[in-house]
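Undergrad: I'd like to go over a predicted model; first the sequence, then the structure.
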Amino acid sequence: MFEVAVLSLFITMVLVLFRLIAGPTLYDRVLAVNTFGTCTVLFIGASGFLFERPEFLDIALIYALINFVGTLAILKFFRYRALGDQPNIKDNRENAQ
Amino acid sequence: MSIFDIVISGLSWISIVSGSIFLIIGATGIIRFPDFWSRLHAAAIVDSAGAGLLLFGMALQAGLTFVTVKLVLIGVFLLITGPTATHAVANAAFVSGSRPLGDKSGKPVVPADVIDPPLPPEMPTNLSEDLTSKT
């Protein structure tokens, strides 16, 4: 049964990858990356069951943490154009005006 | 093989297969939906139904072992971080000026006076004002 899970996760990841490449805006791509990361966590867990190596679940847990922090870091970077504190950061709309 | 094992195995089969179906439904929605705001719903299907059912099926397969504890940890973590990340993406898109498409008559869903919402109080904006006023 884990073959079914791994196969459907693979199909899902390929479809999400199309949206990631074709996404018209930045936020479509960020959403696709987030979904792709969730699918990767499940893929690592399911393949751990498939190959009977449950230690893969530790890797899946770490990947979930990294995925969340990465999404927030991308969003913060594109909102403020920096990841740390910078003195001359204005809001995006003020820059556009 | 007792009746209990058969029931557990069947439940796990049903969970994993229906979770896989939900995953493919969500991915199809991400491909096919017309704008960003409707694609959020399809991504939420992958995050909630697909991940939840797959993890539930795997936990039933593993039984009462340490593997189940790890699976529950992954599930709780995805349950916390998934809506948070989706909210962050949606809020960033809204602040950047993206709006949902209207219905078929072309009328916008969001009224016109919500087009320019007030920004939430955030750290770097205040910081930049303080530092630029000194210099």
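TA: On my side now, so go ahead. Note that this is a predicted model, so its numbers are computed, not measured.
Undergrad: and the pLDDT for B:Asp116?
TA: The model reports B:Asp116 with a pLDDT of 56.
Undergrad: so which residues of chain A form helices?
TA: Secondary structure of chain A (DSSP state H): helices at A:2-22, A:26-50, A:56-80, A:92-96.
Undergrad: mean pLDDT lowest where, among those helices?
TA: Across the helices of chain A, helix A:92-96 gives the lowest mean pLDDT, at a mean of 52.
Undergrad: after the helix or strand that B:Gly26 is a member of, next one along is what?
TA: Per DSSP states H and E, B:Gly26 falls inside helix B:3-32. Toward the C-terminus, helix B:3-32 is succeeded by helix B:36-45 as the next helix or strand (DSSP H and E).
Undergrad: show me the contact partners of the helix or strand that that next one is followed by.
TA: For helix B:36-45, the following helix or strand on the C-terminal side (DSSP H and E) is helix B:51-62. The contact list for helix B:51-62 (Cβ atoms under 8 Å, 6 or more residues apart in numbering or on different chains) reads A:1, A:5, A:38, A:41-42, A:45-46, A:49, A:54, B:8-9, B:11-16, B:18-20, B:22-23, B:68, B:71-72, B:74-75, B:78-79, B:82. All C-beta atoms are positioned from the backbone trio N, CA, C, and that covers glycine.
Undergrad: can you rerun that using 7 Å?
TA: A:5, A:38, A:42, A:45-46, A:49, B:8, B:11-12, B:15-16, B:18-19, B:22, B:68, B:71-72, B:74-75, B:78 (Cβ atoms under 7 Å, 6 or more residues apart in numbering or on different chains).
Undergrad: go on, stretch A:60-71?
TA: In contact with stretch A:60-71 (Cβ under 7 Å, 6+ apart) are residues A:30, A:33-34, A:37, A:40-41, A:44-45, B:70, B:73-74, B:77-78, B:81, B:85, B:88.
Undergrad: so what secondary structure elements neighbour the helix holding B:Gly26?
TA: helix A:2-22, helix B:36-45, helix B:51-62 (3 or more Cβ pairs under 7 Å, 6 or more residues apart in numbering or on different chains; DSSP states H and E).
Undergrad: so which of those helices is the most surrounded?
TA: helix B:51-62 (a mean of 23; mean count of other Cβ atoms under 10 Å in any protein chain shown).
Undergrad: middle-most residue in chain B, spatially?
TA: The centroid of chain B falls nearest to B:Ala44 when counting by Cα atoms, centre = their mean (3.6 Å).
Undergrad: how about that one, what does it touch?
TA: With contact set as Cβ under 7 Å, 6+ apart, B:Ala44 has these partners: B:Thr86.
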